[in-house]
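J.: Structure, please.
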Amino acid sequence: MATIFFSYSHRDETLRDELEIHLAMLKKQGFIETWHDRRITPGDEFDKAISKNLEEADIIILLVSSDFLASNYCYDIEMQRAMEKHEQGESHIIPVILRPCDWRSAPFGKLLVMPTDGRPITKFPDKDDAFLEVVNAIKRTITRLQLRQDSTPPSISYGSAVKPQILDIPRSSNLRIRKTFLDRERDQFVEESFEYIANFFENSLAELSNRNPEVDTHFKRIDANHFSAIVYIRGKKATECRIWTGGSSRLFRSDIAYSSNASGSDNSINESISIVDDGYALFLQPLGMAFFTSQQNVKKLLSQQGAAEYFWDILLRPLQQGST
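T.: The predicted structure is shown next:
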């Protein structure tokens, strides 16, 4: 069984959790066990626990972001030691680019990073596609390192019938603790959500045009906080929108707003989503201004993908109703 060590910034904890979920099958098949600093038990010495598990790791995953690069502990201690172990053949490093940042000049910049070509995970319209690339890279690494004790270890496959190693350590699965989210965390979530929605729209517009010969689309990044989308059918404008975060009036300060007018102002909106939390995680919630929004949808707590789909449905509704 291979031991995986996660080196990451706590500001990227949500993305680390998502990656761990995608690694569930490898855990169930008994191929891996994972460790990160949230596994440190009360009373343990922080530095010693991290150092011990880093030294014992077979695979070290660097979850790279601007916060990771700015962290003295992640960069100067964990990453530097990980590179030493990698160069000595004691461990294998897999850098995973979470968010856009200046990583290419870092010591691990010479290594093959994931996802492919160093495309940040947050730039994928569907993050599941990105995480699957990372999982497959980990599978290849396990096979290459021949970590299984058999003299001729088989390649890992999706249909493997290897039985998991069951650790007889009884514990509860109810381990969540309510937390209070800081303004910095909320602001970062707004920025990341807006970037996700912008990438989602840009890629969805391109695919809409590819699949429908009579359709042309136009995506425009107006500035860092605004973008517009227009769909033409046989050269005629059929539907349009403008989406932005923040406004000059600051009326919707924590929201991402939607207008059905691609060239309108920030003072005119048709829908908005707000940042909310359930005590455990941050979500996006529709204001409910769209005429077709049901009260059930208004109460929903949406993920970034759910919010992007919600706005996309508003844009496509005129086309799907045939009112073009």
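J.: Now do the helices in the protein.
T.: In chain order, the chain shows helices spanning 13-22, 24-28, 46-56, 66-70, 80-87, 127-145, 183-211, 295-298, 304-321, with DSSP state H as the criterion.
J.: can you tell me which of the ones you listed the model trusts least?
T.: Taking each of the helices of the chain in turn, the lowest mean pLDDT turns up on helix 295-298, with a mean of 50.
J.: Kindly report the domain assignment for this protein.
T.: If the domains of the chain are taken from automatic domain parsing, they occupy 2-145, 183-321, with pieces of a single domain joined by a plus sign.
J.: So which of these is nearest residue 177?
T.: Using C-beta to C-beta as the criterion, the shortest distance between residue 177 and the domains of the chain is 8.1 Å, found for domain 183-321. The C-beta positions use only the backbone N, C-alpha and C, and glycine is treated the same way.
J.: Quick check: which of the helices of the chain is nearest to residue 255?
T.: Of all the helices of the chain, it is helix 183-211 that lies closest to residue 255, at 8.1 Å by C-beta to C-beta.
J.: Determine how far that closest one lies from the middle of the whole chain.
T.: The offset between the C-alpha centroid of helix 183-211 and the centroid of the whole chain comes to 11 Å, using C-alpha atoms, centre = their mean, to the nearest Å.
J.: would you list the domains of the chain in CSV and tack on mean neighbour count?
T.: Written out in CSV, the entries for the domains of the chain read as follows (neighbours: other C-beta atoms under 10 Å):
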stretch, mean neighbour count
domain 2-145, 17
domain 183-321, 16
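J.: Could you dump those into JSON lines and include distance to residue 177?
T.: Rendered in JSON lines, the data for these read as follows (distance: least, C-beta to C-beta, whole Å):
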{"stretch": "domain 2-145", "distance to residue 177": "11"}
{"stretch": "domain 183-321", "distance to residue 177": "8"}
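J.: Check the closest residue to residue 269 other than its chain neighbours and give its pLDDT.
T.: With C-beta to C-beta, 6 or more residues apart in numbering as the measure, residue 257 is the residue that lies nearest to residue 269, at 4.5 Å, once sequence neighbours are left out. What the model reports as pLDDT for residue 257 is 94.
J.: how far away is residue 257 from residue 317?
T.: Look at residue 257 and residue 317: by C-beta to C-beta, to the nearest Å, they are 17 Å apart.
J.: now swap in residue 190 and tell me
T.: Residue 190 sits at a distance of 25 Å from residue 317 (criterion: C-beta to C-beta).
J.: if we can go back for a sec, out of the helices of the chain, which gets nearest to residue 279?
T.: Judged by C-beta to C-beta, the one of the helices of the chain that comes nearest to residue 279 is helix 183-211, at 13.4 Å.
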